[in-house]
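[1] take this sequence and fold it.
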Amino acid sequence: MLLSPRLVLTSEARRQLVDVAAGRAPADLLLRGGRVLNVYTGELVETAVGIAAGRIAWVGPETDRAARQVLELDGGTAVPGLIEPHCHPDVLYTPSALGAAIVSHGTTTACADTAFLSLSLDDDALVEVLRGMERATVKFLWNLRNCLDGVLPQEVDLLQADRMVRLLDRVPGVVATGEMTAWPRLVDHDARLRRFLDAAVERGLRIDGHAAGASPRTLGLIAAAGITADHEAISAEELLARLRLGYWIMLRHSSLRPDGPELAAGLREAGVATARVMLTTDGPVAADVVGEHLDGVVRRLIAAGFSPVEAVRMATLNPATYLGLDAHLGGIAPGRCADLVVVDSLETFVPMMVLADGVPVSASSVTRGFTGWRELPARPLGQAELDEGRLADACQAGPVLQLQGIITRQVSGRHAADGRSGDAACLALVGRSGEWIAGATLLGLDIRALASSYTGSGDVLLVGRDPRSLVASYRRVVELGGGLVTPDHEVPLRVLGGLYEGSVGELAAELGRLTAGVRLTAPLEYLCLFASLAVLPDVRLSPQGVVQVKTGRVLAPVRPLAVRTTRS
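    Here you go, the predicted model:
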């Protein structure tokens, strides 16, 4: 593992810490006037903390301790900075925007999936971006992911084993592989996936899983293949099955599945040890990030009956230990990074102040990290020769699907007849090159027209009841070089053709305007993403056509389109 530069403690800095701890030199900052949670013992004590060189030098009485600056905690309680062990930093927002938003909620370290960036950038540009993120206030660590659904052409082409192994040795701060969504191919000994995971294991990295709906027997098989953690449990029974098999589990409360309290209650009722339980928000949408992050998950666990100390451990010490970084992160103790959250009380857990590397964080002082997002070259969008007739023909030739949340299921009988009779929306995926279209009809979504270049496959999604408006929206997306477009509003996606350039708050406001008056069964971000990503059941649109996820059977192949123009 190439340790993140943010976690490297030089010999000079170590000598400074020792001198401050010994009283031979003053601390850079002294925290006093509050309580400190010791996550190692569970004790909550009134004490002081000395900070030097961005690390904690000592914890104890301030008697005979000198400091250049003193910060009063005003009766608050200091806990370690929260650690997100698994997140997607590009749910329409950029990693820079996400980091700037979550630090105010007390998240000071985030382990972020690299899939979108790896698919969008060449090696040099990717390394430049990830190294640039070292400057962010939030410590970004990376989950270097080498699969989506295992068969997407862009995945096979761009996430080759040779390339991903090279990146392991070029990108500092990689701590895990990213979620193994294509685990069926892994257990069938897919050479590309196996070679990368073997290289990751050799470098001491964690292997994160994505075993949605897997039985205990299948979970055991996946564990034998090398998976060390999973975040896809949706019931207490599934959580327990993973724990019994030696998994580290990530108890998830996300925008997609906001069921953290139910999972927590079931886990608490089971009375099992939680030393191998972590908390995650997975990939929260912008509207949710504005209000909370991991702090909200901690509050929900406390409300579900966990002790505040245990809940905080799941968001601090446990993920640090899982990552093998507990000598640097996850506790308030000598030598650890001075990442702290001062909350009003452990019981209510409302962040009042955040320190990152020993520096109090304010809205004006947050550093976003990499800033050259707009200059990154995006893959071109081809303008297809698409009109109402071609769109309608492609959708009518495909199966009739029913939308349930974000799950698309094939229907038959009367429901299919309803779709054929016009009581449905068009659902189509147009190739990024503009050379093909896959289509179906969709029940359960009342929307006039939406075109999106933010998709799981990297192509352009069209969904809505008005074919004419859909074609116009599609053309506008191509003109923009990427965006979300309806007849009434558009949100340009100027970063790599798929991400919003501004802040999380600005993105949330734009999406609110885009979806005003639209009845959605799930956040728009997820509808766009998962309609073309075969990691959830039942049917998905893809560059092969409309595909049944479990069997891989093509229900309706793509249709060719002529290309009118190409953007460069």
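[2] where does the stretch 451-568 of the chain have low pLDDT?
    Counting by pLDDT under 70, the stretch 451-568 of the chain contains low-confidence ranges at 565-568.
[3] residue 275 reaches residue 318, doesn't it?
    Yes - taking CB atoms under 8 Å as the definition, residue 275 is a contact partner of residue 318 at 6.6 Å. (Glycine included, C-beta is placed from N, CA and C.)
[4] between these two, point out the one with more neighbours.
    Comparing residue 275 with residue 318 by other CB atoms under 10 Å, the one with more neighbours is residue 318, at 26 against 13.
[5] am I right that the more buried one is in a helix?
    Yes - applying DSSP: H, G, I helix; E, B strand; the rest coil, one finds residue 318 inside a helix.
[6] where in the protein is pLDDT low?
    Ranges of the chain meeting pLDDT under 70: 413-423, 565-568.
[7] contacts only, for the residue most central in space within the chain.
    Most central in the chain under CA atoms, centre = their mean is residue 88, positioned 1.7 Å from the mean C-alpha point. By CB atoms under 8 Å, 6 or more residues apart in numbering, residue 88 lies in contact with 112, 113, 115, 116, 282, 283.
[8] among these, name the ones in helices.
    Taking DSSP state H, the ones among the contacts of residue 88 that sit in helices are 115, 116.
[9] pull the most distant pair out of the contacts of residue 88.
    Farthest pair in those (CB to CB) is 116 and 282. Separation: 14.6 Å.
[10] burial count for residue 559?
    Applying other CB under 10 Å, we find 16 residues neighbouring residue 559.
[11] just residue 479 next, same as before
    Residues contacting residue 479 under the criterion other CB under 10 Å number 14.
[12] one more: the one 10 residues further on?
    For residue 489, the neighbour count with other CB under 10 Å is 14.
[13] what's the answer for residue 389, then?
    10.
[14] residues contacting whichever strand or helix holds it, please?
    For residue 389, the host element (DSSP states H and E) is helix 388-397. Contacts of helix 388-397 with the rest of the structure, by CB under 8 Å, 6+ apart, involve 420, 426-428, 437-441, 462, 467-468, 470-471, 556, 559, 561.
[15] run the chain-centre distance for the next helix-or-strand element following that helix.
    The first helix or strand that comes after helix 388-397 along the chain, using DSSP H and E, is strand 400-404. For strand 400-404, the separation from the chain centroid amounts to 26 Å (computed by CA atoms, centre = their mean, to the nearest Å).
[16] any buried residues in strand 400-404, and which?
    Across strand 400-404, burial judged by 16 or more other CB atoms under 10 Å covers 400, 401, 402, 403.
[17] that one packs against which elements?
    Judged by 3 or more CB pairs under 8 Å, 6 or more residues apart in numbering; DSSP states H and E, strand 400-404 is in contact with strand 407-410, helix 413-420, strand 436-443.
[18] start and end of stretch 494-511, how far apart?
    From its first residue to its last, stretch 494-511 covers 15 Å (CA to CA, to the nearest Å).
[19] in that stretch, what's buried?
    Buried residues in stretch 494-511 (16+ other CB under 10 Å): 494-501, 503-505, 507-508, 510-511.
[20] and those, which two are the farthest apart?
    In terms of CB to CB, these reach their longest pairwise distance at 497 and 505, which sit 22.4 Å apart.
[21] for residue 546, phi and psi?
    Phi and psi for residue 546, reported as degrees, to the nearest 10, are phi -80, psi 120.
[22] count of neighbours near it?
    Using other CB under 10 Å, residue 546 is surrounded by 28 other residues.
[23] that one against residue 442, yeah?
    No - contact between residue 546 and residue 442 fails when scored by CB under 8 Å: they sit 11.0 Å apart.
[24] what touches both of the two?
    Common contact partners of residue 546 and residue 442 (CB under 8 Å, 6+ apart): none.
[25] sorry, back to before: ok, of the contacts of helix 388-397, which come out buried?
    Using 16+ other CB under 10 Å as the burial test, the contacts of helix 388-397 include 426-428, 437-441, 462, 467, 470-471, 556, 559, 561 as buried.
[26] farthest-separated two in the residues you listed?
    That would be 471 and 556, which, of those, are the farthest apart (CB to CB) at 19.8 Å.
[27] residue 368 - that's part of a helix, no?
    No - assigned with three-state DSSP, residue 368 falls outside any helix and is coil.
[28] look up the closest residue to it, ignoring the ones flanking it.
    Computed as CB to CB, 6 or more residues apart in numbering, the closest residue to residue 368 that is not its neighbour in sequence is residue 96, at 3.9 Å.
[29] and the helices in the stretch 1-150 of the chain?
    Ranges of helices in the stretch 1-150 of the chain, per DSSP state H, counting those that start in this stretch, are 11-21, 95-102, 115-120, 123-132.
[30] pick the most buried one from these.
    Ranked by mean neighbour count under mean count of other CB atoms under 10 Å, the helices of the stretch 1-150 of the chain are led by helix 95-102, which reaches a mean of 26.
[31] do a quick rundown of the strands in the stretch 451-568 of the chain.
    Assigned by DSSP state E, counting those that start in this stretch, the strands in the stretch 451-568 of the chain fall at 460-464, 483-485, 490-492, 539-542, 545-548, 554-557, 559-560, 563-566.
[32] tell me which of those strands approaches residue 268 most closely.
    Nearest to residue 268, of the strands of the stretch 451-568 of the chain and by CB to CB, is strand 539-542 at 36.0 Å.
[33] returning to what we had before: report the buried residues of the helix holding residue 389.
    For helix 388-397, a neighbour-count test (16+ other CB under 10 Å) marks 390, 391, 392, 394, 395, 397 as buried.
[34] returning to that earlier point: ok, of the buried residues of stretch 494-511, which one's closest to residue 349?
    When the buried residues of stretch 494-511 are ranked by distance to residue 349 (CB to CB), residue 504 comes first, at 21.3 Å.
[35] and that closest one, how close does it get to residue 26?
    Separation of residue 504 from residue 26 (CB to CB, to the nearest Å): 38 Å.
[36] so who does residue 462 touch?
    Residue 462 neighbours (CB under 8 Å, 6+ apart): 391, 426, 427, 428, 429, 430, 449, 450, 451, 470, 473, 474.
[37] how about those residues, which pair is most distant?
    429 and 449 (15.1 Å).
[38] between these two, which has more neighbouring residues?
    residue 429 (28 against 23).
[39] domains for this structure, by residue range?
    The chain breaks down into these domains under automatic domain parsing: 1-79+331-361, 82-330, 382-566.
[40] now render the ones you listed as JSON lines, adding distance to residue 367.
    JSON lines is the format used below for the domains of the chain (distance: least, CB to CB, whole Å):
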{"stretch": "domain 1-79+331-361", "distance to residue 367": "9"}
{"stretch": "domain 82-330", "distance to residue 367": "5"}
{"stretch": "domain 382-566", "distance to residue 367": "14"}
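[41] which of those domains sits closest to residue 370?
    Nearest of those to residue 370, taken as CB to CB: domain 82-330 at 3.1 Å.
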